[in-house]
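Student: take this sequence and fold it.
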Amino acid sequence: MNVNTRTKKGVTLIELCVILAIILIVIAVIYPFFISNMKTLYETETRSDLQKEGQYAIKCFTDKTMEAQKITELKALDGKVVLSESDNTKLDDSSAYLGEIEFIAPSIDSTTNSAISYCFMLKDNNLYYKQKPFNNNIKVADNIQSIEIQTIDGKNFSECKGLNVKFTLRKNQVKSYTIESQVYFRNNPNNN
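Tutor: Next up is the predicted model:
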């Protein structure tokens with residue numbers, strides 16, 4: 001009698017352990033590259049968001065500044081007016097020095113001799129805008145770390161023709177993004 005004995009082939013435990021070890025080695029080599037690329041992608045997306053936000057914030061700020069005749073007030077966070085002989089200052093959430101900057105512009109209605117006040121505030125890393133007498137704060141941008149303003153002509157704020165403006169934005173641990181602009185007061189009688 002001829003008995004046909006078949007041997008069953010399968011994966012042994014040793015072969016399975018060798019395959020798992022090879023897979024783990026490949027993963028250990030690839031994993032740092034994957035994490036590095038994910039971190040770079042996150043930083044790039046955040047910087048892109050900061051750039052968009054900064055461009056929108058500085059556009060809003062410069063559009064209103066161009067309509068103005070002059071700066072009327074620089075207020076500290078406690079409400080005290082600090083418009084001084086200075087030709088530069090910084091709106092910064094980390095210091096209690098400056099909380100608001102207010103511009104005055106002529107009214108659109110030519111029949112009245114009234115003026116419009118535009119006010120920008122930096123609070124909790126957010127830039128707010130309000131038009132007086134309405135006094136309702138409109139949020140313009142997030143992640144604003146500081147706003148630096150300096151007069152163009154070296155005069156004090158109440159007499160200058162325009163401003164150099166620098167916005168610094170920061171989000172999470174990403175390196176800060178800075179955007180700058182120069183703006184002249186369109187309705188300033190000294191600019192004619």
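
Student: make it CA atoms for all contacts and neighbour counts henceforth
Tutor: OK.

Student: mind checking the SS state of Gly10?
Tutor: coil (DSSP: H, G, I helix; E, B strand; the rest coil).

Student: per-residue pLDDT of it, please?
Tutor: On the pLDDT scale, Gly10 is placed at 77.

Student: can you name the residues that contact the spatially most central residue of the chain?
Tutor: With distances taken as C-alpha atoms, centre = their mean, Leu169 lies nearest the centre of the chain, 3.3 Å away. Leu169 sits next to Leu50, Gly54, Asn143, Ile144, Gln145, Ser146, Ser176, Tyr177, Thr178 when contact means C-alpha atoms under 8 Å, 6 or more residues apart in numbering.

Student: closest one of the residues you listed to Phe103?
Tutor: Ser146 (18.5 Å; C-alpha to C-alpha).

Student: quick check: the closest one vs Arg47, distance?
Tutor: Separation of Ser146 from Arg47 (C-alpha to C-alpha, to the nearest Å): 16 Å.

Student: tell me what the helix or strand containing Glu102 is packed against?
Tutor: Per DSSP states H and E: Glu102 is located in strand 100-106. Here strand 100-106 touches helix 13-67, strand 70-75, strand 115-123, going by 3 or more C-alpha pairs under 8 Å, 6 or more residues apart in numbering; DSSP states H and E.

Student: which of the contacts of Leu169 sits closest to Val11?
Tutor: When the contacts of Leu169 are compared against Val11 (criterion: C-alpha to C-alpha), the nearest one is Leu50, at 54.9 Å.
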